[in-house]
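S.K.: Have a look at this prediction, sequence included:
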Amino acid sequence: MKQISFAQAEHQNKKKVTRRERFLAQMEALVPWQRLIDALSPSYFPNAAGKRGRPPIGLGRMLRIYFLQQWYALADEALEDAIYDSQAMRDFIGIDLAIESVPDATTLLRFRHLLERHALTQRIFEEINAHLAEQGLFMREGTIVDATIVAAAPSTKNKAKQRDPEMKQTQKGKQYYFGMKAHIGVDAVTGLTHSVAATSANVADVTMAGHLVREDDKRIYGDAGYTGMWRHLDEEKDDPDSRCCVAAKRGTIKKMEDSPMKVLLLEFEKAKASIRAKVEHPFHVIKNLFGYRKVRYKG
């Protein structure tokens, strides 16, 4: 049995459980850590055994550190400092400062680059979704599609005085934005995100619809930006069995004369909007809770 330090004992005996501690305890229980370790192990220093030098830090520990970075929107150096400052984070990772140190910012940078090089972030997303599906949390009744702009500073340039070629300018209403766009597909019943795609900000929402739906979806919901979605799903425009359920444009309804038909249409649009509301929650979590309101250059 591992002996705890005086600092850990003092922390465990405090009366109040902080929100961070509750959140990390929930993530410890919900995330399929061993499944992720098994899936990513073949790409994590597979030839390190038997070689001289310091052995690589355990994959499970590095995954927890990487998740902390995403949840709290921290740069590498800021994450290293936060782990030293927070006993809750150290308990989540499993680090005892009495006998070991926190991985430095360079180690965190290299691990993130390894994930990017082998496309392991997509694998993490797929494994977690597979775990949720096994728990019966994807109902397969339908998908809600939507997109949000993640802006970037238009003045940011590299050493060659060039902007990121993946980022473009777009207009939303009377406002212009420069950056990227996140497209998601969420389960119409549970609101869990099952598909994600990232594009330049000037890519039309409707063109990505085919990348966000599942083959067995019975209904596909979208706002007025997805008008004409049937073209991208290989469906006929007036097919009575079409899966598309797209919001009517406001201008179309305003032009209608007051009549029972208009009242009925407004009620129908209200019902569709109540279903589509689930897609806004993931955007709230990503932008407001995780802090991804703008594109960041992480290096």
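M.R.: Okay, I see it. Small disclaimer: the values here were computed from a predicted structure and weren't measured.
S.K.: Determine how far the helix ranked longest in the chain lies from the middle of the whole chain.
M.R.: Assignment by DSSP state H gives helix 260-276 as the longest helix of the chain. Centroid displacement of helix 260-276 relative to its chain, using C-alpha atoms, centre = their mean, to the nearest Å, is 30 Å.
S.K.: Next: stretch 121-132.
M.R.: Centre to centre, stretch against its chain (C-alpha atoms, centre = their mean), the figure for stretch 121-132 is 11 Å.
S.K.: in it, what counts as buried?
M.R.: 124, 127, 128, 129, 132 (16 or more other C-beta atoms under 10 Å). C-betas here are computed from N, CA, C, even on glycine.
S.K.: Pull that stretch out as CSV, backbone CA atoms only.
M.R.: Extracted in CSV, the C-alpha atoms of stretch 121-132 (Å, rounded to 0.1, in the frame of the first residue of the first chain):
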residue,chain,number,x,y,z
THR,A,121,-7.2,12.2,-31.3
GLN,A,122,-9.8,10.9,-33.8
ARG,A,123,-9.1,7.4,-32.4
ILE,A,124,-9.8,8.7,-28.9
PHE,A,125,-13.1,10.2,-30.1
GLU,A,126,-14.1,7.0,-31.8
GLU,A,127,-13.3,4.8,-28.8
ILE,A,128,-15.2,7.0,-26.4
ASN,A,129,-18.2,7.0,-28.7
ALA,A,130,-18.0,3.2,-29.1
HIS,A,131,-18.0,3.0,-25.3
LEU,A,132,-21.1,5.2,-25.0
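S.K.: What strand or helix carries residue 109?
M.R.: helix 105-117 (DSSP states H and E).
S.K.: in that helix, what counts as buried?
M.R.: For helix 105-117, by 16+ other C-beta under 10 Å, it's 107, 108, 111, 112, 114, 115.
S.K.: Same list as before, those residues that is, but in JSON lines and with pLDDT and distance to residue 58 included.
M.R.: Below are these laid out as JSON lines (pLDDT from 0 to 100; distance: C-beta to C-beta, whole Å):
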{"residue": "107", "pLDDT": "93", "distance to residue 58": "12"}
{"residue": "108", "pLDDT": "93", "distance to residue 58": "14"}
{"residue": "111", "pLDDT": "94", "distance to residue 58": "11"}
{"residue": "112", "pLDDT": "93", "distance to residue 58": "16"}
{"residue": "114", "pLDDT": "93", "distance to residue 58": "14"}
{"residue": "115", "pLDDT": "94", "distance to residue 58": "15"}
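S.K.: Pick out whichever of those sits closest to residue 260.
M.R.: For these, the minimum distance to residue 260 (C-beta to C-beta) is 56.9 Å, reached by residue 115.
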